[in-house]
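# can you look at this prediction? I've put the sequence above it.
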Amino acid sequence: MARLTGIISKLNGSAGNLTFRQNGGQTIVSEKITQTTNAKTELQQKHRMKWANIIREYQVLQPYMKLAFGGTRNGRNDYNKFMSTNLSMTPVYLTKAEVNAGICIVAPYEITHGTVKSITVSGKGKNAVTDIRLGALNISETTTVAEFSNAVVQNNKLYEYGDQITYFLVKQVVNEVTNIPMAEVDACCIVLDKSNEAKLLTLVDVRGFSVQEECLAAQTSNDFGDHGMAWIHSRKHNGKTIISTQYLICENKLLEQYQSEDAYQEAVESYGGVSDVYLTPSGKLAPEKTVKP
């Protein structure tokens, strides 16, 4: 810190690394204090590893993501909202090499966000049953869109003709050549139309348009394998698309593996390990034990 006189004695504020302030008619100059953070603390490593799988799953879903979070608003688009929403989810731990290889682990992320009442689902996989009541309807090869639409509207007061029901099935697959886990999306939808005589199952996937307990449900005879699935309710309202908030409902053994303590340790080591010891020389740090957050 120094006191200045002369032509620069009236300065206030900052310039470069210096800060100027007036005190008793004198100009006091001091150097700014620069705080340095350790890029390998456990908290920072955990935060870094959160991003990769969320980004990759968004990329897989991206063709279907327009308006999934309301579109661009206040400078934030669907991608920004998808990322910020899902950063609070349990992390999927990928090593640096796995990130570079483009691995995607199907996780129960929030894939849509809106003001329409969410579709509630009980059970998982072939036992997944929605709260969309169908009454006495039994979906078969002869069932028409009109019959399905009438069953939905007449048995569910929150559904109207013109609404859309969408089904996502995100399959966890492993590339046969590279052995890299990837994700594939099957999606289908139907607009509720009381005059459409087209056969329902020629337009939608029977795996997500079956009946259990008199409700819309997953197909009980199908082996879904490792996957995530969701049903979504959307509607046009005052010229805008409004949508239900939904999460992928997952049954995925790989997810358990990549959220494990071993996966965490391996991922941390691939990024150079963890240390909260700022004064250790040369940045080469080897703590006795890394504790999972």
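Looks like it came in fine.
# what average pLDDT does stretch 90-98 get?
Mean pLDDT, computed over stretch 90-98, is 93.
# that one: end-to-end distance?
End-to-end distance for stretch 90-98, by CA to CA, to the nearest Å: 18 Å.
# list the buried residues for that stretch?
91-95, 98 (16 or more other CB atoms under 10 Å). No exception for glycine: its C-beta is placed from N, CA and C like everyone else's.
# one more: stretch 235-253?
Going by neighbour count (16+ other CB under 10 Å), the buried part of stretch 235-253 is 235, 241, 243-252.
# return the member of the residues you listed nearest to residue 162.
Nearest to residue 162 among the buried residues of stretch 235-253, counting by CB to CB, is residue 235 at 7.1 Å.
# that closest one: what's it in contact with?
Going by CB atoms under 8 Å, 6 or more residues apart in numbering, residue 235 touches 116, 160, 162-164, 241-243.
# tell me the pLDDT at it?
You'll see residue 235 listed with a pLDDT of 96.
# could you say which helix or strand holds residue 272?
Taking DSSP states H and E as the definition, residue 272 sits outside all helices and strands.
# and it, how far from residue 102?
Distance, residue 272 to residue 102, using CB to CB, to the nearest Å: 21 Å.
# then residue 135?
Residue 135 is 45 Å from residue 102, by CB to CB.
# returning to that earlier point: which of the buried residues of stretch 90-98 lies closest to residue 177?
Among the buried residues of stretch 90-98, and counting by CB to CB, the member closest to residue 177 is residue 98, at 16.2 Å.
# would you mind measuring from that closest one to residue 265?
Going from residue 98 to residue 265 by CB to CB gives 14 Å.
# now do residue 63
35 Å.
# who has more neighbours, the two?
Between residue 63 and residue 265, counted using other CB atoms under 10 Å, residue 265 has the larger neighbour count: 16 against 9.
# nothing else from me, thank you.
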